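J.: give me the fold of what follows.
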Amino acid sequence: MSSATISVLDSPTDADRRAILAPLDAFNTAKAGNENYQPIAVVLRDETGGIIGGLWAQIYFDWAFIELLFVPESLRGADFGSKLIREAEDIIKAKGCIGVWLDTFSFQAPGFYERQGYERFGTLENYPRGMARHFYRKIF
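T.: Next comes the predicted model:
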């Protein structure tokens, strides 16, 4: 390719994202091997069986990323967050991962993750403005 133009999409679509993602995935696979993507979900259910919270993680390249963790306010303080983390970590370890990472905002749960043995490895200040986004990891 000898030339290209740059344009801004006013309303980008999933198809636009996939157009960027597909060649990036191909490049990454050529350089680092198969990413071995696997989703992991550990959920909290109410008495009717509906999902009211839980943990969503994704395995890529022998690491897991905890993308989502939510415990309803009415259940906080009853150790559900710790139990979700431990269950997910057991699954992640059994799948041969070397570690897990996540991010949380300063107004969310940094102390919770530290009590679970996670180590902060980065902070993005003023995200959102006046607060921070913290990045944590745990190596097995």
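
J.: now the helices for the chain?
T.: Along the chain, the stretches classed as helices by DSSP state H are 14-32, 80-94, 110-115.

J.: contacts only, for the closest residue to residue 98 other than its chain neighbours.
T.: Leaving aside its sequence neighbours, residue 98 sits nearest to residue 62 (C-beta to C-beta, 6 or more residues apart in numbering; 5.3 Å). Just so you know, the C-beta spots here come from the backbone N, C-alpha and C atoms, and that holds for glycine as well. For residue 62, the contact set (C-beta atoms under 8 Å, 6 or more residues apart in numbering) comprises 36, 96, 97, 98.

J.: contacting residues for the residue lying closest to residue 29 once chain neighbours are set aside?
T.: Leaving aside its chain neighbours, residue 29 sits nearest to residue 35 (6.8 Å; criterion: C-beta to C-beta, 6+ apart). Neighbour list for residue 35: 25, 28, 29, 60, 61 [criterion: C-beta under 8 Å, 6+ apart].

J.: residue 131: which of these is nearest?
T.: Distance ranking of the contacts of residue 35 against residue 131, using C-beta to C-beta, places residue 60 first at 27.3 Å.

J.: who's that closest one bridged to?
T.: Beta bridges link residue 60 to residue 63 when assigned by DSSP bridges.

J.: okay, it: pLDDT?
T.: Looking at residue 60, its pLDDT reads 93.

J.: same check on the one 5 residues further on?
T.: Looking at residue 65, its pLDDT stands at 98.

J.: same question, residue 36
T.: So, for residue 36, pLDDT stands at 88.

J.: since we're on it, how many residues are nearby?
T.: Residue 36 has 12 neighbouring residues, counting by other C-beta atoms under 10 Å.

J.: was I right to think it contacts residue 58?
T.: No. Between residue 36 and residue 58 there is no contact under C-beta atoms under 8 Å: 10.6 Å.

J.: just name the most buried of the helices of the chain.
T.: helix 80-94 (a mean of 17; mean count of other C-beta atoms under 10 Å).
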